[in-house]
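K.L.:
Quick one: sequence and predicted model below, then my questions.
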Amino acid sequence: MEFLSYGKQWIDQDDIDAVSKVLKSDYLTTGPTVKKFEDAITNYTGAKYCVAVANGTAALHLASLVLLKKNDKVLTTPNSFLATSNSILYARAKPIFVDIAKDGNIDLDLCEKELTKDSSIKAIYAVAFSGNMLNQAKLKFLKETYDIAILEDCSHAIGAKDGNIKVASCVNSDISTLSFHPVKHITTAEGGAITTNSEDIYKKLLILRNHGMVKTPNMKPWEYEMRELGYNYRITDIQCALGLSQMKKLEGFINRRIEIAQRYDEAFKDEIIKPLYTYNGKSSYHLYVVKVDFAQIIITKADLFNKLRKKNIGIQLHYIPINKQPYYISLGYGNEQTPVMDRYYKKCFSLPMYPKLSNEEQEYVIKSLFEVLNG
Ligand SMILES: Cc1ncc(COP(=O)(O)O)c(C=O)c1O
């Protein structure tokens, strides 16, 4: 059995052909394929504007430069990849970690409590964790009631929907961000994107993506002006060619992920392994997270990881609470009251979940998991 990691890409000959075509063209970067990829994302998500960038972290960084000012307080989740809250620090603003709900997403009721206590809070940075859409009615309510900025980190969740609201459509947020790392639903190798419905935000992002440089029609032909401190966060046409080709397969990829999730749901019915949530029609399943009460069984979590690795199965833990990372502790974090996150961290891990995982491979994962758990 080849190594079954928790996530991996699916590249076909047509993806390779699309990339080769761009490699033979005049534009390897800043060419027409970037805009075509951005258009594919706006068409798919329903957001008005999209800015594609070098990776999902760059997307969060630029979003934070637009949404936040120095010392702004931002409610965010400990259950994410580091980049979500790091981006708040990049903007010299202040993350405030709020506990998660049972589905792994930030607890929006607790966010509301924080907002009622402290009217100086400026934003919520929420993650559609594992591909599970954030509660849109609650986001709408919070945005309207407390006049805050909302960022949805949708790196896990392209294709997710809540009724007819699609993830990254920004119906109830100012900005959404996406990542196209190979473990995600579609890949550009490295790559990311920002979506928004605000023309003003869109224009700022375009400038920040390209060194803060502006060129207007009334300037001399050689002139450009740097008006603020931007970055080179451009994505290449080569990456966008891959992304465009992958976008054509996205629905198929998501359907296959849902099938895999439902097969796992079925296998774990009435077992000691419990899914974090069963199929709910809202998740596009970047991750399939399960929980096991290790206090009730003989094997430790570390043994489980090691024994499965020997069987060529790479389960993974998403995530170590960000506020407990040494760097965050050095900033004074780490003692927040997050009992749900603490329990989650003790019990949860992610199983292989990617469209190319065959039924036989999934059976092997399930069988091996039971074998190891039962000693
Ligand atoms: C929730 C979340 N946000 C942001 C990122 C950062 O994306 P990238 O790896 O493309 O920089 C990731 C990537 O793993 C992620 O999972």
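P.N.:
Now that the structure is in, tell me what you want to look at.
K.L.:
Flag every residue of the stretch 201-350 of the chain that's near the ligand.
P.N.:
Contacts of the stretch 201-350 of the chain with the ligand, taken as Cβ under 6 Å from any ligand atom, are absent. Quick note: C-beta positions are derived from backbone N, CA and C, even for glycine.
K.L.:
Strands of the stretch 201-350 of the chain, start to end?
P.N.:
213-214, 225-226, 274-275, 288-291, 348-351 (DSSP state E, counting those that start in this stretch).
K.L.:
any idea which of those is most buried?
P.N.:
strand 288-291 (a mean of 24; mean count of other Cβ atoms under 10 Å).
K.L.:
Run through the neighbouring helices and strands of it.
P.N.:
helix 250-267, strand 274-275, strand 348-351 (3 or more Cβ pairs under 8 Å, 6 or more residues apart in numbering; DSSP states H and E).
K.L.:
quick one: low-confidence ranges for the stretch 1-150 of the chain?
P.N.:
The model of the stretch 1-150 of the chain has no residue with pLDDT under 70.
K.L.:
mind listing the strands for it?
P.N.:
Using DSSP E, counting those that start in this stretch, strands in the stretch 1-150 of the chain cover 49-53, 73-76, 94-97, 121-127, 149-153.
K.L.:
Need the residues that contact the last one.
P.N.:
If you take Cβ atoms under 8 Å, 6 or more residues apart in numbering as the criterion, strand 149-153 is touched by 60, 63-64, 67-68, 80, 84, 122-128, 134, 139, 142-143, 167-168, 170, 172-177.
K.L.:
what about it, near the ligand?
P.N.:
Yes - counting by Cβ under 6 Å from any ligand atom, the ligand is contacted by strand 149-153 at residue 153.
K.L.:
Listing partners with orientation, what would you give for that strand?
P.N.:
strand 121-127 (parallel), strand 175-179 (parallel) (DSSP bridges).
K.L.:
List every C-alpha atom in that strand, with coordinates, as CSV.
P.N.:
Extracted in CSV, the C-alpha atoms of strand 149-153 (Å, rounded to 0.1, in the frame of the first residue of the first chain):
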residue,chain,number,x,y,z
ALA,A,149,-15.2,43.8,10.0
ILE,A,150,-15.5,40.1,9.3
LEU,A,151,-12.9,38.0,7.5
GLU,A,152,-13.8,34.4,6.6
ASP,A,153,-10.7,32.2,6.1
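K.L.:
what's downstream of that strand, the next helix or strand?
P.N.:
strand 161-162 (DSSP states H and E).
K.L.:
care to break the chain down by domain?
P.N.:
Listed by automatic domain parsing, the domain ranges of the chain are 13-247, 250-373.
K.L.:
First-to-last residue distance for the first one?
P.N.:
When you say that, I think you mean domain 13-247. 15 Å (Cα to Cα, to the nearest Å).
K.L.:
And the last one, by the same measure?
P.N.:
With Cα to Cα applied, domain 250-373 spans 34 Å between its terminal residues.
K.L.:
How far off centre is it?
P.N.:
16 Å (Cα atoms, centre = their mean, to the nearest Å).
K.L.:
returning to what we had before: redo the strands of the stretch 201-350 of the chain as TSV? Include mean pLDDT.
P.N.:
Below are the strands of the stretch 201-350 of the chain laid out as TSV (pLDDT from 0 to 100):
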stretch	mean pLDDT
strand 213-214	97
strand 225-226	97
strand 274-275	96
strand 288-291	98
strand 348-351	98
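K.L.:
so which of those strands comes closest to residue 117?
P.N.:
strand 348-351 (29.0 Å; Cβ to Cβ).
K.L.:
can you redo the helices and strands packed on strand 288-291 as JSON lines with distance to residue 198?
P.N.:
Shown next, in JSON lines, are the helices and strands packed on strand 288-291 (distance: least, Cβ to Cβ, whole Å):
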{"stretch": "helix 250-267", "distance to residue 198": "25"}
{"stretch": "strand 274-275", "distance to residue 198": "37"}
{"stretch": "strand 348-351", "distance to residue 198": "34"}
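K.L.:
what's the most buried one of those?
P.N.:
By mean count of other Cβ under 10 Å, the helices and strands packed on strand 288-291 have strand 348-351 as the most buried, with a mean of 22.
K.L.:
Taking the protein, what residue is nearest to the ligand?
P.N.:
Residue of the chain nearest the ligand, by Cβ to the nearest ligand atom: residue 56 (2.5 Å).
K.L.:
Leaving out the residues flanking it, which one is nearest to the residue nearest the centre of the chain?
P.N.:
Central residue of the chain (Cα atoms, centre = their mean): residue 155, 1.9 Å from the mean position. Once flanking residues are discounted, residue 155 sits nearest to residue 179: 3.7 Å by Cβ to Cβ, 6 or more residues apart in numbering.
K.L.:
For the one you found, list each beta-bridge partner.
P.N.:
Counting by DSSP bridges, the residues bridging with residue 179 are residue 192.
K.L.:
how many neighbours does it have?
P.N.:
27 (other Cβ atoms under 10 Å).
K.L.:
and it, what pLDDT?
P.N.:
What the model reports for residue 179 is a pLDDT of 98.
K.L.:
Let me see the contact set for it.
P.N.:
Contacts of residue 179 (Cβ under 8 Å, 6+ apart): 55-57, 59, 155, 191-192.
K.L.:
go with 10 Å
P.N.:
55-60, 81, 83, 153-156, 158, 185, 187-188, 190-193, 286 (Cβ atoms under 10 Å, 6 or more residues apart in numbering).
K.L.:
same thing with residue 326?
P.N.:
residue 334.
K.L.:
all helices of this protein, in order?
P.N.:
Secondary structure of the chain (DSSP state H): helices at 13-23, 32-45, 56-67, 83-90, 108-117, 136-146, 199-209, 237-247, 250-267, 301-310, 326-330, 339-347, 359-373.
K.L.:
mind giving me a markdown table with these and columns for distance to residue 278?
P.N.:
Listed next are the helices of the chain as a markdown table, based on distance: least, Cβ to Cβ, whole Å:
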| stretch | distance to residue 278 |
| --- | --- |
| helix 13-23 | 32 |
| helix 32-45 | 26 |
| helix 56-67 | 27 |
| helix 83-90 | 26 |
| helix 108-117 | 21 |
| helix 136-146 | 20 |
| helix 199-209 | 36 |
| helix 237-247 | 28 |
| helix 250-267 | 5 |
| helix 301-310 | 22 |
| helix 326-330 | 33 |
| helix 339-347 | 16 |
| helix 359-373 | 15 |
